[in-house]
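Visitor: here is a sequence together with a model predicted from it:
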Amino acid sequence: MPSTLGSGGAAPRPPRRATRCVVPRPARTRLDVVDPDADPPRDGRASGWVFLDSVSVTSPDIPHDQPPGPPSATRPSRPSPPPWLVDALLGFAVLDVVAFAIAADVGGTRADPWVAYPIALVLGLLVLGRRRFPVGVLVATALVICAYYTLDLPAIGLALPVSVALYSAAVAGRLGWAVGVAAALVVASTYFRLAEGDDVRYVVGYELATTVALMAAAIALGHGSFVRRQRDEQRRHADALRDQTLELEAADRLAHDREAVARDLHDVVGHHLAVVSLHANVAREALDDVDAAGAAGAAALATARAELELVRTATTTALADLRATVRALRGAAAPAGLADQARIDRLVDLARTARAAGLDVALDVDLPSGTADGTAAGAAAYRVVQEGLTNVLRHAGARAAVVRVALERSPGAPGDVLAVEVRDDGHGARGAGDAADRGGFGLRGLCERVAVLGGTVETDTPDGGGFRLRARVPVTPGDGVRGTASVRAPRSSGGGAA
């Protein structure tokens, strides 16, 4: 380690805890898509309700690149009558069928048939509650029918009075209740008919078959409607979820693009503007010396002119980089893009710029020739050095800095790692959180840039004082090493070029 970093005017400071930049992973998004027309869950079952913990929806029937459309785009919507009107018509139909059966009095019962009509009215009124209480209406209808036949009233059949209740239970998803109640009614009716001495062939061969067929048809029709409704609800849920997914993906892409633009603008412009600020201050002081000094004014004026020339060069470079960024954002092909500007072989230019600003920089690049040139890892290493030197010039109050870049083997990793270190002899971190916040948005963007490549960024205050920025950037397999030459740029004694 050079002596300028090991011995300073200040007493050695106790080592501070290293600060690791952690880029949080995006949290998983939970989407609860609920159809407002669907019934709430009953008995813990999520009938008509969908709870999803993912934002990726694929359908074999819909291409992934086809924008989703509303359900009305694929299936024409027809106006439907209000539910209360449908229930009233069904209730009247049950009342009408049972009343006609009572009036016919096929069996010639001994009881007064007028007692049966109020029971027929009860069966019709029960239909009005079939949507809200499907199972309750089914059980109540079955009990009323059983009580009806115990009074020796005119025969009204078995399937017709209970068919609407069976359909309602099945369409509500209560298939087990519908089948169970229907089976219980059939078994009880058959048993009592045979116990009363009715003809076995007539009861089993005709009435039983007819009753079972009608009940099965009502249950099948209701269950089919239930399945179709579920499919329609799932299709609506998928459409709504796909819309939300596209919106989230668009928002994520926009946020990612904004972060990338912010990082690039900071990297390509912030460094040059820091140099401009330093040279402008020197030029201002030199111009003040022109007014204050007599014979020495000519030398001060020459210094001011030299500093202003450096300001002009830095601003020209910053404007060129900014134009390249704008061209990249607009999609135009730039002759020298941002990726070409951020290269390992341009670290010497960074050191030269920092030395011109008065910082004594020692550049130690120990890499095989061509390593990571033109790759994301090489660009990230360049940005680490650029951000480190910019922060030294702006915040550290340092006189010297050492930059090291080397290729190391990473335990357990398939490839090599670019190890980058920027250390200065300045005042170091002033507070507990100053190490992490010293670079502002630049250091945060640097952490994000390196984290995308699977690397890490750390900052700390060494034992001898100063500030240290370290990064490890994996070199992806296939980057290749195209030479064996080792490049080392020693620190200049003054402010000359590297």
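Guide: On my side now, so go ahead.

Visitor: so which helix or strand of the protein has the lowest pLDDT on average?
Guide: Least confident helix or strand of the chain, by mean pLDDT, DSSP states H and E, is strand 49-52 with a mean of 36.

Visitor: the nearest residue to Glu207 once chain neighbours are set aside: how many residues sit nearby?
Guide: Among residues not flanking Glu207 along the chain, Arg193 sits closest, at 7.5 Å (C-beta to C-beta, 6 or more residues apart in numbering). (C-beta placed from N, C-alpha, C; glycine too.) Burial of Arg193 is recorded as 18 neighbouring residues (other C-beta atoms under 10 Å).

Visitor: quickly find the element holding Arg193.
Guide: Assigning secondary structure by DSSP states H and E places Arg193 in helix 175-195.

Visitor: pLDDT of that helix, averaged?
Guide: In this model, helix 175-195 has a mean pLDDT of 89.

Visitor: relative to Ala103, how far out is the nearest residue to Leu446 once chain neighbours are set aside?
Guide: Beyond its immediate neighbours in the sequence, the residue positioned closest to Leu446 (C-beta to C-beta, 6+ apart) is Glu387, lying 5.0 Å away. Plainly put, Glu387 is 96 Å away from Ala103 if you go by C-beta to C-beta, to the nearest Å.

Visitor: neighbour count: those two, which is higher?
Guide: When neighbours are counted by other C-beta under 10 Å, Glu387 comes out ahead of the other of Glu387 and Ala103, with 25 against 11.

Visitor: pLDDT at the more buried one, what is it?
Guide: We have a pLDDT of 87 for Glu387.

Visitor: check Gln234 too.
Guide: Note for Gln234: predicted pLDDT of 89.

Visitor: report the angle between the axes of the strand or helix carrying it and helix 175-195?
Guide: The secondary structure element spanning Gln234 is helix 209-265 (assigned by DSSP H and E). Following axes from the mean of the first three to the mean of the last three C-alpha atoms, to 10 degrees, one obtains 180 degrees for the angle between helix 209-265 and helix 175-195.

Visitor: elements contacting helix 209-265?
Guide: Contact analysis of helix 209-265 by 3 or more C-beta pairs under 8 Å, 6 or more residues apart in numbering; DSSP states H and E lists strand 31-34, strand 49-52, helix 159-171, helix 175-195, helix 297-330, helix 440-452 as its packing neighbours.

Visitor: out of the ones you listed, which one sits most buried?
Guide: helix 159-171 (a mean of 25; mean count of other C-beta atoms under 10 Å).

Visitor: what's that helix in contact with?
Guide: Contacts to helix 159-171, defined as C-beta atoms under 8 Å, 6 or more residues apart in numbering, come from residues 90, 93-94, 97-98, 101, 123, 126-127, 130-131, 134-135, 137-138, 141-142, 145, 175, 177-178, 181-182, 185, 210-211, 214-215, 218-223, 225-226, 229.

Visitor: buried ones only from the residues you listed, please, as a ChimeraX command.
Guide: In ChimeraX, the members of these classed as buried (16 or more other C-beta atoms under 10 Å) are selected with the following command:
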select :90,94,97,98,101,123,126,127,130,131,134,135,137,138,141,142,145,175,177,178,181,182,185,211,214,215,218,219,222,223,226,229
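
Visitor: low-confidence ranges in the stretch 51-200 of the chain?
Guide: Segments of the stretch 51-200 of the chain classed as low confidence (criterion: pLDDT under 70) are 51-77, 106-111.

Visitor: one step back: got the angle between the helix holding Arg193 and helix 159-171?
Guide: Taking the same axes, to 10 degrees, one finds helix 175-195 and helix 159-171 inclined to each other by 160 degrees.

Visitor: pull out the buried positions in stretch 226-239.
Guide: Buried residues in stretch 226-239 (16+ other C-beta under 10 Å): Phe226, Arg229, Glu233, Arg235, Arg236, His237, Ala238, Asp239.

Visitor: can you dump the C-alpha coordinates of it into PDB?
Guide: Coordinates of the C-alpha atoms in stretch 226-239 are reproduced here as PDB (Å, rounded to 0.1, in the frame of the first residue of the first chain):
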ATOM      1  CA  PHE A 226     -73.300 -24.600 -12.300                       C
ATOM      2  CA  VAL A 227     -70.300 -25.800 -14.400                       C
ATOM      3  CA  ARG A 228     -71.000 -23.300 -17.200                       C
ATOM      4  CA  ARG A 229     -71.300 -20.500 -14.600                       C
ATOM      5  CA  GLN A 230     -68.000 -21.500 -13.000                       C
ATOM      6  CA  ARG A 231     -66.300 -21.500 -16.400                       C
ATOM      7  CA  ASP A 232     -67.600 -18.100 -17.200                       C
ATOM      8  CA  GLU A 233     -66.500 -16.800 -13.800                       C
ATOM      9  CA  GLN A 234     -63.000 -18.200 -14.300                       C
ATOM     10  CA  ARG A 235     -62.800 -16.700 -17.800                       C
ATOM     11  CA  ARG A 236     -63.800 -13.300 -16.300                       C
ATOM     12  CA  HIS A 237     -61.200 -13.700 -13.500                       C
ATOM     13  CA  ALA A 238     -58.500 -14.600 -16.100                       C
ATOM     14  CA  ASP A 239     -59.300 -11.600 -18.200                       C
END
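
Visitor: would you list every one of the helices in the stretch 351-498 of the chain?
Guide: Read by DSSP state H, counting those that start in this stretch, the stretch 351-498 of the chain holds these helices, from start to end of the chain: 376-391, 434-437, 440-452.

Visitor: elements contacting the first one?
Guide: The contact analysis (3+ C-beta pairs under 8 Å, 6+ apart) places helix 376-391 against helix 271-292, helix 347-356, strand 400-409, strand 416-424, helix 440-452, strand 467-474.

Visitor: and the ones you listed, which one's lowest on average pLDDT?
Guide: What stands lowest among the helices and strands packed on helix 376-391, in mean pLDDT terms, is helix 271-292, with a mean of 67.

Visitor: right, and Arg470 touches Pro462 too?
Guide: No. Under the contact definition of C-beta atoms under 8 Å, Arg470 does not touch Pro462, with a separation of 10.5 Å.

Visitor: re earlier: from the buried residues of stretch 226-239, pick the one nearest Pro81.
Guide: Taking C-beta to C-beta as the measure, Pro81 sits nearest to Arg229 out of the buried residues of stretch 226-239, at 16.7 Å.

Visitor: how close does Arg352 get to Thr317?
Guide: For Arg352, the distance to Thr317 - C-beta to C-beta - is 12 Å.

Visitor: which among the helices of the stretch 351-498 of the chain is found nearest to Gly197?
Guide: The closest of the helices of the stretch 351-498 of the chain to Gly197 is helix 440-452. By C-beta to C-beta, the value is 87.6 Å.
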